[in-house]
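1. when you get a sec, could you give me coordinates for this:
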Amino acid sequence: MDGCRLEEVEAVKHFIDSVGGTPNIMVGEEAVLHLFRVASGIESEIIGENEILRQVKRAWDQSLQLGKTTPLLNELFRHAIMVGKRARRETGISKGKAGYSSVALQIASRLIGGLEGKSVALIGWGSINRKILVSLCTDYSPRRVAIITRHSGSVMLDSTSPECEVNMISYGDKSVDNEFDAVFIAVKGYDVDPYYYEKARVIVDLSTPRRVPLDWRRSKVVDLDRVLIEVRSVIDERKKWVPLVEDIIKDEINKFLYRVALRKASEIIRAIEEYRRALSGGNPEVDRATRKLVHPIYEAIRLGLHGEWSLDSFIDYIYNEYLRRVEGERNASRLPSIKA
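-> Here you go, the predicted model:
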């Protein structure tokens, strides 16, 4: 941002070093706008997703822990998080489930009257089923969850809810109970043995290509295409709210920049007061004369915050105007000599 101190520049540099690659560097109001848009969810691949707001907060928390923030950056991120919450509270930008894993669970739950108290199996342990497991443990209360994978020894479950009891099953082991109400399949490079899904009431096959025929016996089979249709439908509804979110962002940018300008103006006022007291040197007459000078300056600061000034040019104007008036008073022999 314009007027950043060295600490702020160093904080940005630390972030760039941590993420690697070649970042798209933004400054000033453009940087504020981008952060507010990201926090509001309108820059996400899945518009309105809530995870991005959590990521913004985590990034800020990590910077706080590393001691890489400044008062200005703290104020910026605090405001960005507030903007993200306001956008979601006052619009439908995050309405409905739009993530593939959440929609897949929602469809399965709808088809069998809920997943609460049900037995669920996840076949494959890629990114899709990892997300499904987290959502399943967070939003539902299944009676039993089994992960069936060829790499059961390397599965990490630290991101799941502690209330979700998970059993690991090595793919190929047919001694396990295969009475599953719902089975989610997301595998690559191999076919799935029907043993693991032959008794399921609903099968959600997110593999490409699909591993289970849509007309599989008496089971209800959901493929990736059906999930995508529901995802697109939710996203299309969310897109209708983007203009209103942009209005909220515009309003909040004005509020934030005003607060930054007010803080800068307060710093200038303190500097002028210190200068005025030093100038008076304890002389009551000079003190009264300089006090009379600063009142129109403070009024100009108050009015200037609502004007078209850039912050730097406005501060320069205020300081130079004060020096000009003091010098005018000195030339009229009403004040002692000063060094500007």
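
2. tell me the gap between stretch 256-275 and the middle of its chain.
-> Here stretch 256-275 is found 29 Å from its chain centre; the criterion is CA atoms, centre = their mean, to the nearest Å.

3. helix, strand or coil for D215?
-> Here D215 is recorded as coil under DSSP: H, G, I helix; E, B strand; the rest coil.

4. confidence score at it?
-> For D215, the model assigns a pLDDT of 87.

5. for the longest helix along the chain, name the packing helices and strands.
-> For the chain, the helix reaching the highest residue count under DSSP state H is reported as helix 242-280. For helix 242-280, the packing partners by 3 or more CB pairs under 8 Å, 6 or more residues apart in numbering; DSSP states H and E come out as helix 28-40, helix 71-90, helix 284-304, helix 311-331. Glycine gets a C-beta too; all of them are placed from N, C-alpha and C.

6. next, name the residue at the spatial heart of the chain.
-> L53 (2.7 Å; CA atoms, centre = their mean).

7. any idea which element that residue lies in?
-> helix 51-66 (DSSP states H and E).

8. what's the angle from that helix to helix 28-40?
-> Helix 51-66 runs at 120 degrees relative to helix 28-40, counting by axes from the mean of the first three to the mean of the last three CA atoms, to 10 degrees.

9. average pLDDT for helix 51-66, rounded please.
-> For helix 51-66, the per-residue pLDDT averages 92.

10. low-confidence stretches in the protein?
-> Judged by pLDDT under 70, the chain has its weakly predicted residues at 1-23, 152-163, 276, 279-280, 286, 289-323, 325-340.

11. sorry, back to before: what residues of the helix holding L53 count as buried?
-> 52-53, 56-57, 60, 63 (16 or more other CB atoms under 10 Å).

12. now the residue nearest to the centre of the chain. Nearest residue, chain neighbours left out?
-> G84 (4.3 Å; CB to CB, 6 or more residues apart in numbering).

13. G99 too?
-> Using CB to CB, 6+ apart, the nearest residue to G99 is I46, at 6.1 Å.

14. same question for L224.
-> L206 (5.0 Å).

15. from what I can see the one you found touches V227, true?
-> Yes: counting by CB atoms under 8 Å, L206 touches V227, with 6.8 Å between them.

16. pretty sure R201 contacts R217?
-> No: the pair R201 / R217 is not scored as a contact, 10.8 Å apart, by CB under 8 Å.

17. quick one, which of these two is more surrounded?
-> Using other CB atoms under 10 Å as the criterion, R201 and R217 rank with R201 on top: 17 against 13.

18. can you report phi and psi for that one?
-> Dihedral pair for R201: phi -80, psi -30, per degrees, to the nearest 10.

19. look up how far F180 lies from it.
-> Applying CB to CB, to the nearest Å, the value for R201 to F180 is 8 Å.

20. and S135, by the same measure?
-> For S135 relative to F180 (CB to CB), the value is 17 Å.

21. settle it for me: which of these two has more neighbours?
-> Using other CB under 10 Å, the more surrounded residue of S135 and F180 is F180, with 25 against 19.

22. how many neighbours does G99 have?
-> There are 18 residues near G99, going by other CB under 10 Å.

23. actually A146, not the one I wrote
-> Residues near A146, counting by other CB under 10 Å, number 21.

24. quick one, what contacts it?
-> For A146, the contact set (CB atoms under 8 Å, 6 or more residues apart in numbering) comprises 119-122, 166-169, 176, 180.

25. can you check R238 too?
-> 47-48, 92-96, 98.

26. repeat the analysis, applying 6 Å as the threshold.
-> 47-48, 93 (CB atoms under 6 Å, 6 or more residues apart in numbering).

27. give me the element it is part of.
-> Assigned by DSSP H and E, R238 falls within helix 224-239.

28. with F184 instead?
-> Taking DSSP H and E as the definition, F184 sits inside strand 182-185.

29. list of residues touching that strand?
-> 108, 120-123, 132, 192, 197, 200, 202-205, 207, 211.

30. which one of those residues sits closest to L257?
-> Taking CB to CB as the measure, L257 lies nearest I132 of the contacts of strand 182-185, at 42.3 Å.

31. hmm, back to that, closest to A186 among the buried residues of helix 51-66?
-> I52 (23.0 Å).

32. so that closest one is in contact with E43, correct?
-> No: using CB atoms under 6 Å, I52 makes no contact with E43, being 7.9 Å away.

33. residues making contact with the helix holding L53?
-> 39, 41, 44, 69, 77, 81, 84.

34. now swap in stretch 108-116 and tell me
-> 140-142, 181-182, 201-202, 204, 220.

35. from these, pick the one nearest D236.
-> Taking these together and measuring to D236 by CB to CB, the closest member is V204, at 22.1 Å.
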